[in-house]
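Peer 1: structure for the following, please:
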Amino acid sequence: MALTRKLRFGMVGGGRGAFIGAVHRIAALMDGRAELAAGAFSSDAARSLASGRDLLVDPARVYGSYEAMARAEARLPADRRLDFVVIVTPNHQHFPVARRFLAAGFNVVCDKPVTFNLGQARRLRALVRRTGKVFVLTHNYTGNAMVKQARELVRTGRLGTLRKVVAEYSQGWLSTRLEAAGQKQAAWRTDPRRSGAAGCIGDIGTHAENLVRYVTGLRIAALCADLTTFVRGRRLDDDGNILVRYAGGAKGVLHCSQICVGEENNLNLRVYGTKAALEWHQEHPNELVVKFPDQPRQVWRRGNSYVSPAAARVTRIPCGHPEGYLEAFANIYQEAFRAIAAEVTGRRPPPDLDFPTIDDGVDGLVFIDTVVRSSREGARWLKIPRP
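Peer 2: Down below sits the predicted model:
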């Protein structure tokens with residue numbers, strides 16, 4: 001039977017002062033299919049309670065720790081129980097929180113990277129498979145309509161055989177030692193105890209790698225990485241340059257940086273085939289540039305009748321009305337809801353689900369681990385191990 005109510009979700013992290021928690025809430029609530037019912041919004045009980053008041057959550061379901069939340073929520077009757085839990089903590093907490101809620105029988109939506117290190121990612125994948133619960137990883141840029149259009153052009157052979165891929169993700173917000181000023185986001189993202197073995201590569205480089213894999217279907221066979229920490233006193237990389245060899249023969253360049261002064265959120269992708277090429281820029285997400293050897297380049301725009309069904313399905317408003325970051329994030333949630341609703345009602349999941357999974361999370365940690373090892377070994381070419 002179909003679900004006839006809103007999905008209930010809880011949140012771990014994302015309280016006062018958090019950036020990504022608010023983004024997740026907007027995305028999850030955008031289409032009116034879910035409601036926030038509980039949360040451990042901070043490891044500080046008073047701060048968590050204050051955040052719960054901000055969000056109008058029942059104080060009885062606001063907790064000072066994720067452990068307390070998991071115990072209490074698991075005991076609730078079916079008509080009040082959470083359908084899924086959203087994890088929006090710093091990286092080092094992803095694994096223990098996800099493990100606890102999966103073991104308690106909850107579906108999970110988790111921010112990226114999926115865990116602190118590769119070993120944890122593999123252990124979490126085994127748990128997801130064992131429990132059969134839905135696990136969603138929010139690589140949100142794949143939710144953009146014109147990213148899906150780009151993927152369709154590759155899948156249908158419009159570009160021919162792929163030869164070259166260039167992916168860039170440049171920011172400038174960490175061009176100074178912002179973490180020393182007490183800025184919360186900078187502090188944890190540059191701290192190896194909370195972020196993991198990589199800084200820039202783990203934070204934004206994984207988005208670029210995931211975007212390439214989603215659009216092209218190419219898998220990295222080997223890479224050569226050069227990571228740099230430009231800002232004196234910083235403990236993790238703030239710039240990365242990677243040469244890539246893909247299985248099947250295509251070559252690639254992936255570069256990411258958080259010290260590029262004047263850049264805001266410049267994620268872009270260029271894919272070159274034997275017949276045509278495409279180009280997409282996150283800062284202009286409604287457009288896809290398609291290029292040919294013997295005719296003028298074309299600019300395809302979201303919402304028009306010529307886009308593929310995959311792109312049209314995630315379009316909410318007519319062309320000329322911009323959709324971007326938040327809508328793309330909401331598209332990931334919309335797909336997640338299809339899977340979670342099926343799980344809650346005991347039905348088979350739809351066959352055409354389109355969201356990042358635990359497997360994408362493991363792939364991302366394999367990428368991070370190999371990049372860090374390559375750079376530490378003097379930019380040595382390394383093969384990508386089996387995920």
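Peer 1: pLDDT below threshold where in this structure?
Peer 2: Applying pLDDT under 70 to the chain flags the ranges 1.
Peer 1: and the helices in it?
Peer 2: Shown for the chain, the helices assigned by DSSP state H span residues 20-29, 45-54, 66-74, 94-103, 118-131, 145-155, 184-189, 192-195, 200, 206-216, 309-313, 325-345, 358-376.
Peer 1: closest to Ala222 out of those helices?
Peer 2: helix 358-376 (8.8 Å; C-beta to C-beta). Placement of C-beta: from N, CA and C, glycine included.
Peer 1: buried ones in that closest one?
Peer 2: Burial within helix 358-376, assessed by neighbour count using 16 or more other C-beta atoms under 10 Å, is assigned to 358-372, 374-375.
Peer 1: now the angle from it to helix 118-131?
Peer 2: 170 degrees (axes from the mean of the first three to the mean of the last three C-alpha atoms, to 10 degrees).
Peer 1: angle of helix 358-376 against helix 206-216?
Peer 2: Going by the same axes, to 10 degrees, helix 358-376 makes 120 degrees with helix 206-216.
Peer 1: for helix 358-376, packing partners?
Peer 2: Packing contacts for helix 358-376, counted by 3 or more C-beta pairs under 8 Å, 6 or more residues apart in numbering; DSSP states H and E, involve helix 118-131, strand 135-137, helix 206-216, strand 220-228, strand 239-246, strand 382-383.
Peer 1: send me it as CSV with only the CA atoms.
Peer 2: Provided in CSV are the C-alpha atoms of helix 358-376 (Å, rounded to 0.1, in the frame of the first residue of the first chain):
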residue,chain,number,x,y,z
ILE,A,358,26.6,3.8,0.4
ASP,A,359,28.6,2.4,-2.6
ASP,A,360,29.2,6.0,-3.7
GLY,A,361,30.4,6.8,-0.2
VAL,A,362,32.9,3.9,-0.3
ASP,A,363,34.1,5.0,-3.7
GLY,A,364,34.6,8.5,-2.3
LEU,A,365,36.7,7.3,0.5
VAL,A,366,38.8,5.1,-1.8
PHE,A,367,39.4,8.2,-3.9
ILE,A,368,40.4,10.3,-0.8
ASP,A,369,42.7,7.5,0.5
THR,A,370,44.5,7.0,-2.8
VAL,A,371,44.9,10.8,-3.4
VAL,A,372,46.5,11.3,0.0
ARG,A,373,48.8,8.3,-0.4
SER,A,374,49.9,9.4,-3.9
SER,A,375,50.7,12.9,-2.7
ARG,A,376,52.6,11.7,0.4
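Peer 1: what's the spacing between Ala34 and Asn140?
Peer 2: Using C-beta to C-beta, to the nearest Å, one gets 16 Å for the distance from Ala34 to Asn140.
Peer 1: more neighbours: which of the two?
Peer 2: Asn140 (26 against 23; other C-beta atoms under 10 Å).
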